[in-house]
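1. when you get a sec, could you give me coordinates for this:
(one chain, ligands or ions: 1)
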Amino acid sequence: MSLAGEAVDYWLTNAGLERRADMWGHQSTYQLYNALVNETAKGFGAVGMRYMTMADPRVDDICEPFHGREYSIGQFKPVVPRHVNCRCWFEGIWARPQAGLV
Ligand SMILES: [Zn+2]
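-> Numbers count the residues shown, from 1 in each chain. Alright, predicted model coming up:
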């Protein structure tokens, strides 16, 4: 049996189906959470959204460059989760410091 054949067969096993269901659940939960945060932040007057990663050694090269980037409300921004097992989220930016104020 070829390696490619074994890889395809894995996803049809109970373990493979369970893993896919788990990944789908994770992805769906993060999508829903982030959609709710986005809409809630807008509704409560956020001036922007900040891309956040877990900032730990498991953050990958796809997400790491976006950590801390800020987006205005309505500005195009990445959709999170960006990939399977992505743990990123957006947090609201509630106010920007006024120039000249401490
Ligand atoms: Zn991520």
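2. low-confidence stretches in the chain?
-> By pLDDT under 70, the weakly predicted segments of the chain are 1-8, 96-102.
3. spell out which residues of the protein are next to the ion.
-> 63, 82, 86, 88 (Cβ under 5 Å from the ion). Every residue, glycine included, has its C-beta placed from N, CA and C.
4. and those residues, which of them are buried?
-> Neighbour counting by 16 or more other Cβ atoms under 10 Å classes 63, 86, 88 among the residues of the chain next to the ion as buried.
5. any chance of those residues in JSON lines, plus secondary structure?
-> Listed next are those as JSON lines, based on DSSP: H, G, I helix; E, B strand; the rest coil:
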{"residue": "63", "secondary structure": "coil"}
{"residue": "86", "secondary structure": "coil"}
{"residue": "88", "secondary structure": "coil"}
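6. which helix runs longest in the chain?
-> helix 14-43 (DSSP state H).
7. who does it touch, helix- and strand-wise?
-> The helices and strands touching helix 14-43, judged by 3 or more Cβ pairs under 8 Å, 6 or more residues apart in numbering; DSSP states H and E, are strand 89-93.
8. got the angle for the strand it packs on vs helix 14-43?
-> Relative orientation of strand 89-93 and helix 14-43, computed by axes from the mean of the first three to the mean of the last three Cα atoms, to 10 degrees: 10 degrees.
9. tally of neighbours for the closest residue in space to residue 34 that isn't next to it in sequence?
-> Spatial nearest neighbour of residue 34, excluding adjacent residues (Cβ to Cβ, 6 or more residues apart in numbering): residue 80 at 5.2 Å. Close neighbours of residue 80, defined as other Cβ atoms under 10 Å, add up to 23.
10. where's residue 85, which helix or strand?
-> Residue 85 is part of no helix or strand, with elements assigned from DSSP states H and E.
11. tell me, how many residues neighbour it?
-> 12.
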